[in-house]
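> okay, structure incoming, though there's no sequence with it:
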Ligand SMILES: Nc1ncnc2c1ncn2[C@@H]1O[C@H](COP(=O)(O)OP(=O)(O)O)[C@@H](O)[C@H]1O
Ligand SMILES: [Mg+2]
């Protein structure tokens with residue numbers, strides 16, 4: 001009998017449409033070999049039933065949005081699983097193709113465990129650890145992995161620009177700085193700040209996304225991303241690194257460059273690197289995977305500094321999964337097809 005998979009997509013985060021497009025690619029690729037039940041999560045967090053045909057038709061141009069209206073609600077029973085109109089959704093596993101808060105932050109992972117459902121990808125700890133950039137950096141630093149110099153501020157009592165400036169001076173953080181929400185994504189709320197005058201405004205903008213805010217030294221160098229895959233019981237393996245190459249007019253890899261005007265940045269896999277650098281990045285990616293207790297997959301994002309230094313910028317536990325996303329492209333450059341990666345993930349879900 002075909003394995004039965006629930007594909008979860010959408011979600012409450014700003015990456016809702018990207019999740020839908022990734023889920024469409026996954027569903028189109030797996031539908032002949034597995035029995036697929038797509039379940040959508042609306043922006044407000046309701047779980048609803050979707051038709052497989054509809055999901056398979058989605059693409060990036062449409063930026064799909066899942067609305068609750070006219071759809072049947074999906075319910076969950078702790079210890080039992082998912083239910084639709086009173087009947088159990090028979091499922092062998094769940095593939096949470098979800099990005100950002102509420103999706104790849106451990107919440108859904110914990111929820112699925114409570115429901116007794118195995119799932120693809122990282123568990124609760126790694127998901128939570130990689131969602132909060134402050135804690136990701138703490139874990140990486142403790143494991144001997146280099147990260148960008150920076151400080152973290154708490155904006156729960158309001159933004160305090162002068163205090164942040166004082167701390168930047170004390171810690172000798174160089175300008176420009178990057179201000180970023182601890183649990184953001186898609187570069188929302190991220191700003192490059194050239195001088196002290198711009199700091200307060202950037203902190204206010206970041207505080208709209210998360211109350212914990214990182215202020216990092218701006219790193220000059222290349223942005224390299226490395227896909228890691230772990231088969232059940234096996235050691236994690238890193239693919240050849242890829243690169244995000246900004247055009248001359250791109251300020252940094254911001255929301256505009258990621259999703260609005262994709263000509264602002266080019267994705268190149270494999271990146272043009274000498275073997276030593278490529279190997280060093282792959283080793284660091286595996287080390288980072290192990291440091292945060294990863295499972296099955298993650299994409300580790302690096303800065304390769306002009307002086308050759310390698311820093312980890314952030315980790316994505318459920319990277320973009322469209323056919324043109326870095327993660328699957330990186331494996332394709334090593335001869336593993338998009339379908340093969342998905343089958344590997346599904347067959348080894350825990
Ligand atoms: N310390 C830094 N130095 C230089 N560029 C940075 C730094 N931090 C972030 N950036 C730029 O901002 C982008 C988004 O930041 P990132 O930390 O990756 O957040 P997100 O989770 O939103 O992708 C990065 O891809 C990079 O272009
Ligand atoms: Mg990023």
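Received it, and whenever you're ready, just let me know what you need. Small disclaimer: the values here were computed from a predicted structure and weren't measured. Ligands and ions are numbered 1, 2, ... in the order given.

> can you pull the phi/psi pair for the spatially most central residue of the chain?
Among the residues of the chain, residue 316 comes closest to the average C-alpha position under Cα atoms, centre = their mean, at 3.4 Å. Main-chain dihedrals, residue 316, degrees, to the nearest 10: phi -110, psi 120.

> mind listing what it touches?
The contact partners of residue 316, taken as Cβ atoms under 8 Å, 6 or more residues apart in numbering, are 99, 104, 130, 298, 299, 301. To be clear about C-beta, it is placed using only N, CA and C from the backbone, and glycine gets the same treatment.

> could you point out which element follows the helix or strand where residue 153 lies?
Per DSSP states H and E: residue 153 is located in strand 150-154. Per DSSP H and E, strand 150-154 leads on to helix 161-170 as the next helix or strand towards the C-terminus.

> just the angle between that following helix and strand 150-154, please?
160 degrees (axes from the mean of the first three to the mean of the last three Cα atoms, to 10 degrees).

> so how far is helix 161-170 from its chain's centroid?
Distance, stretch centre to chain centre, for helix 161-170: 30 Å (Cα atoms, centre = their mean, to the nearest Å).

> and the helix or strand just after it, average pLDDT?
Next in sequence after helix 161-170, counting helices and strands by DSSP H and E, comes strand 177-181. Here strand 177-181 scores 98 as its mean pLDDT.

> residue contacts, residue 106?
With Cβ under 8 Å, 6+ apart, residue 106 has these contacts: 123, 124, 125, 127, 128, 131.

> again, but for residue 188
Residues in contact with residue 188 (Cβ under 8 Å, 6+ apart) are 14, 181, 209, 255.

> sorry, back to before: I would like the residues contacting the strand holding residue 153, please.
Residues contacting strand 150-154 (Cβ under 8 Å, 6+ apart): 134, 137, 160, 163-164, 167-168, 171, 173, 177, 182, 203, 211-217.

> and the lowest-mean-pLDDT helix or strand in the chain, how far out from the chain middle?
The helix or strand of the chain with the lowest confidence, counting by mean pLDDT, DSSP states H and E, is helix 255 at a mean of 84. The chain centroid and the centroid of helix 255 are separated by 14 Å, computed with Cα atoms, centre = their mean.

> for whichever helix or strand comes after that helix, buried residues please.
Moving toward the C-terminus from helix 255, the next helix or strand (DSSP H and E) is strand 265-268. By neighbour count on 16 or more other Cβ atoms under 10 Å, the buried set for strand 265-268 is 265, 267.
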